[in-house]
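J.: Next one to model:
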Amino acid sequence: MRDDILRMLYSHPDYLEYLRYHPKWYYYLDLNPAYYSAFEKQVKKDLKITTYDKLESIKKQVNFASSMIQYFTKD
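T.: I've put the predicted structure just below:
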């Protein structure tokens, strides 16, 4: 595997862990380094670390806080 791909992988511990559990990506990344962007998208999708997932998490937290405030301010 190329050095630049290895450096990018080692700079993201989550990507390395994902790669350990999904070894087919070793083949694709070694075959063609251009697959790194597809690998990155797949990792983010599977680990739920996309921007959409982060926004959903914040939305759930705000809804929870709002419901707690309503519950405690009821007379």
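J.: State the number of residues packed around Tyr15.
T.: Tyr15: 19 surrounding residues under other C-beta atoms under 10 Å. Quick note: C-beta positions are derived from backbone N, CA and C, even for glycine.
J.: which residues touch it?
T.: The neighbours of Tyr15, taking C-beta atoms under 8 Å, 6 or more residues apart in numbering as the test, are 8-9, 39-40, 43.
J.: How about the helix or strand encompassing it, which residues are buried there?
T.: Assigned by DSSP states H and E, Tyr15 belongs to helix 13-21. Residues of helix 13-21 classed as buried by neighbour count (16 or more other C-beta atoms under 10 Å): 15, 18-19.
J.: Met68: which of those residues is nearest?
T.: Nearest to Met68 among those is Tyr18, at 34.7 Å by C-beta to C-beta.
J.: circling back: which of the contacts of Tyr15 count as buried?
T.: Buried among these by 16+ other C-beta under 10 Å: 8-9, 39, 43.
J.: Just the ones of these in helices?
T.: 8-9, 39, 43 (DSSP state H).
J.: any idea which of these is closest to Pro23?
T.: When these are compared against Pro23 (criterion: C-beta to C-beta), the nearest one is Phe39, at 12.1 Å.
J.: ok, that closest one to Thr50 distance?
T.: 14 Å (C-beta to C-beta, to the nearest Å).
J.: can you check Tyr35 too?
T.: From Tyr35 to Thr50 the distance is 19 Å (C-beta to C-beta).
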